[in-house]
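Asker: Provided below are the primary sequence and the corresponding predicted coordinates.
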Number of protein chains: 2
Amino acid sequence: MATTPSARRIGTKDSQTRAQLVDAAERLMLEEGYAAVTSRKVAAAAGLKPQLVHYYFRAMDDLYVEVFRRQAEANISGFEQAVAEGVTLQQLWRMNADARAAVFTIEFVALANHRKAIKAELARFAERFRAAQQTAFASALAAAGIDEDQLPPVVGLLLMTGLAQVLGLEQMIGVTTGHAETKAFVDDLLAGLDVRPAKRSGLRRPGSRRR
Amino acid sequence: MATTPSARRIGTKDSQTRAQLVDAAERLMLEEGYAAVTSRKVAAAAGLKPQLVHYYFRAMDDLYVEVFRRQAEANISGFEQAVAEGVTLQQLWRMNADARAAVFTIEFVALANHRKAIKAELARFAERFRAAQQTAFASALAAAGIDEDQLPPVVGLLLMTGLAQVLGLEQMIGVTTGHAETKAFVDDLLAGLDVRPAKRSGLRRPGSRRR
DNA sequence: GTCTATACTTCGATAGAC
DNA sequence: GTCTATCGAAGTATAGAC
């Protein structure tokens, strides 16, 4: 039953050409959005013929998934390494507040809205990602002396993720009102927390901010 | 110089047919993403002929903009009314935590990534929206007894917006780990704040949460 | 194993008939 | 004021030549 989905020959995974196509697709997705990732445009961006895209990828979805996996895998391994070594809240924040990552998220979520294959892939990774980050976040919180029922780790993590997401998203469309102030606030807050490993330090900001 | 962008006849703005097309486009965008909003699909969804889309809208971008404006305008007027009447933090949160709105945001931001006309439109509204919300948020914060240099209004607003965004976005792809806990946390936090208008109440959660 | 010639579908848009 | 006939460009995908 799972044996008739068009049995045509597909290029090897370790082809140089294939890699160029994925690179081009990634660039396009970042700069012009997923709708610009068509076989013709990808090929043009890579200096190749459009048919090659279909030789290396059975369907366009497969190319999308490949771009996503490469990106997600690189990202997640960074976190998994970090969680093993132990990270501060500041480091976690810096890893999350990456505009490039925000653009990818937006594009793939939008893509997932009408491509089932992408949605499944995205959900799988999101859960894995959440798990890795949650562990790291929980210990970083504990190290900063913040109690679990003062701020449950998942909640803090979602707050951080959300803030990073919104900043990236707005920057993407050219809206930056309040961004500088917010970043400064977070930096101050985290600097104070990471430096003070005493229990029950609360969420108050330490000192006044110059700048 | 601005007089030759194709001078062909366009249908009146108050046409019944036109409204049907916008409705259909909105539905499609929400359910299948902006890439599904093509002249043919929109027409099919409205039970009309594809060419009608081009009769009522000079270019597809104009249709996108129309869908966006209608949505944004409805949303913003809600806030502007709320700010006039005065709102609590709880009400603001409820207005933001709308999954439907999150989907729209995602779609239009992604769309803006490769459609300049949309990007400009989106940025314009985002700024207007921010302004309206910031006023409301600032007074709600003050009413809750939270000092400005404890939590600057813009920062709080971005935190709230980000959290709402992330929850909506994740729900969209079927990831809900930690959502229930987070919503409960926010509800408790806000209930406590809105009820206690004393100065310097800090950010600590009031009491322990059962449930 | 790699790439090309080619088919078929869908898209946006316009000119002109009612 | 409203809708139809029609086009050229762009999209995905396959079969077969090197």
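Answerer: Here it is on my side, so go on. Numbering: from 1, shown residues only, chains lettered A, B, ... in the order given.

Asker: can you pull the buried residues of the top helix by length along chain A?
Answerer: Using DSSP state H, we find that the single longest helix of chain A is helix A:116-143. Buried residues in helix A:116-143, counted by 16 or more other C-beta atoms under 10 Å in any protein chain shown: A:118-119, A:121-123, A:125-126, A:129-130, A:132-134, A:136-138, A:140-141. Any C-beta I mention is one placed from the backbone N, CA and C, and that applies to glycine too.

Asker: now chain A, which segments are flagged as low pLDDT?
Answerer: A:1-7, A:194-211 (pLDDT under 70).

Asker: Pretty sure A:A99 sits against A:L169.
Answerer: No: judged on C-beta atoms under 8 Å, A:A99 makes no contact with A:L169 at a distance of 9.1 Å.

Asker: Need phi/psi at A:T12.
Answerer: Main-chain dihedrals, A:T12, degrees, to the nearest 10: phi -70, psi 150.

Asker: ok, now how distant is it from A:M172?
Answerer: 36 Å (C-beta to C-beta, to the nearest Å).

Asker: With neighbour numbers in mind, choose between the two.
Answerer: A:M172 (20 against 8; other C-beta atoms under 10 Å in any protein chain shown).

Asker: just to revisit the earlier point, neighbour count winner among A:A99 and A:L169?
Answerer: A:L169 (25 against 14).

Asker: Where does the nearest residue to A:N75 once chain neighbours are set aside sit: helix, strand or coil?
Answerer: Take A:N75 and drop its neighbours on the chain: the residue closest to it by C-beta to C-beta, 6 or more residues apart in numbering or on different chains is A:A101, 6.6 Å away. Using DSSP: H, G, I helix; E, B strand; the rest coil, the secondary structure recorded for A:A101 is helix.

Asker: what about the closest residue to A:E66 other than its chain neighbours, neighbour count?
Answerer: In this structure, A:E66 finds its nearest non-sequential neighbour in A:V22, 5.5 Å apart by C-beta to C-beta, 6+ apart. Look at A:V22: counted by other C-beta under 10 Å, it has 18 neighbours.

Asker: now swap in A:K49 and tell me
Answerer: A:K49: 12 neighbours (other C-beta under 10 Å).

Asker: in the helix or strand containing A:V109, what counts as buried?
Answerer: Assigning secondary structure by DSSP states H and E places A:V109 in helix A:99-112. Buried residues in helix A:99-112, counted by 16+ other C-beta under 10 Å: A:101-112.

Asker: what's the closest of these to A:Q51?
Answerer: The shortest approach to A:Q51 among the buried residues of helix A:99-112 belongs to A:L111, at 23.1 Å (C-beta to C-beta).

Asker: Touching, the closest one and B:Y34? I think so.
Answerer: No: look at A:L111 against B:Y34 with C-beta under 8 Å: they stay out of range, at 10.4 Å.

Asker: measure A:P50 to A:E32 for me?
Answerer: 17 Å.

Asker: Quick one: name the residues of chain A near DNA strand C.
Answerer: By C-beta under 7 Å from any atom of the strand, the residues of chain A that approach DNA strand C are A:9, A:11-12, A:15, A:17, A:48-52, A:54-55.

Asker: Select, from those residues, the two members most distant in space.
Answerer: Across the residues of chain A next to DNA strand C (C-beta to C-beta), the longest gap, 19.6 Å, separates A:T12 and A:P50.

Asker: which residues of chain A fall in helices?
Answerer: A:16-32, A:39-46, A:50-56, A:60-85, A:89-96, A:99-112, A:116-143, A:153-173, A:179-195.

Asker: Report the distance from the shortest one to the chain centre.
Answerer: The offset between the C-alpha centroid of helix A:50-56 and the centroid of the whole chain comes to 27 Å, using C-alpha atoms, centre = their mean, to the nearest Å.

Asker: Could I get the buried residue list for that helix?
Answerer: Buried, per 16+ other C-beta under 10 Å, within helix A:50-56: A:52-56.

Asker: now check it, is it near DNA strand D?
Answerer: Yes: judged by C-beta under 7 Å from any atom of the strand, helix A:50-56 and DNA strand D are in contact via A:50-51, A:54-55.

Asker: Which strands and helices lie in contact with that helix?
Answerer: The contact analysis (3 or more C-beta pairs under 8 Å, 6 or more residues apart in numbering or on different chains; DSSP states H and E) places helix A:50-56 against helix A:16-32, helix A:39-46, helix A:60-85.

Asker: Show me what it is in contact with.
Answerer: Residues from elsewhere that reach helix A:50-56 (C-beta atoms under 8 Å, 6 or more residues apart in numbering or on different chains): A:9-11, A:15, A:17-18, A:21, A:39-40, A:42-44, A:60, A:63.

Asker: Farthest pair within those residues?
Answerer: A:R9 and A:A44 (23.7 Å).

Asker: Looking at these two, which one has more neighbours?
Answerer: A:A44 (14 against 5).

Asker: okay, which residue is most central for chain A?
Answerer: A:A101 (4.3 Å; C-alpha atoms, centre = their mean).

Asker: would you turn the residues of chain A next to DNA strand C into JSON lines with distance to B:L151?
Answerer: Shown next, in JSON lines, are the residues of chain A next to DNA strand C (distance: C-beta to C-beta, whole Å):
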{"residue": "A:R9", "distance to B:L151": "60"}
{"residue": "A:G11", "distance to B:L151": "55"}
{"residue": "A:T12", "distance to B:L151": "55"}
{"residue": "A:S15", "distance to B:L151": "53"}
{"residue": "A:T17", "distance to B:L151": "53"}
{"residue": "A:L48", "distance to B:L151": "53"}
{"residue": "A:K49", "distance to B:L151": "56"}
{"residue": "A:P50", "distance to B:L151": "53"}
{"residue": "A:Q51", "distance to B:L151": "57"}
{"residue": "A:L52", "distance to B:L151": "54"}
{"residue": "A:H54", "distance to B:L151": "53"}
{"residue": "A:Y55", "distance to B:L151": "56"}
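
Asker: Alright, calling it a day.
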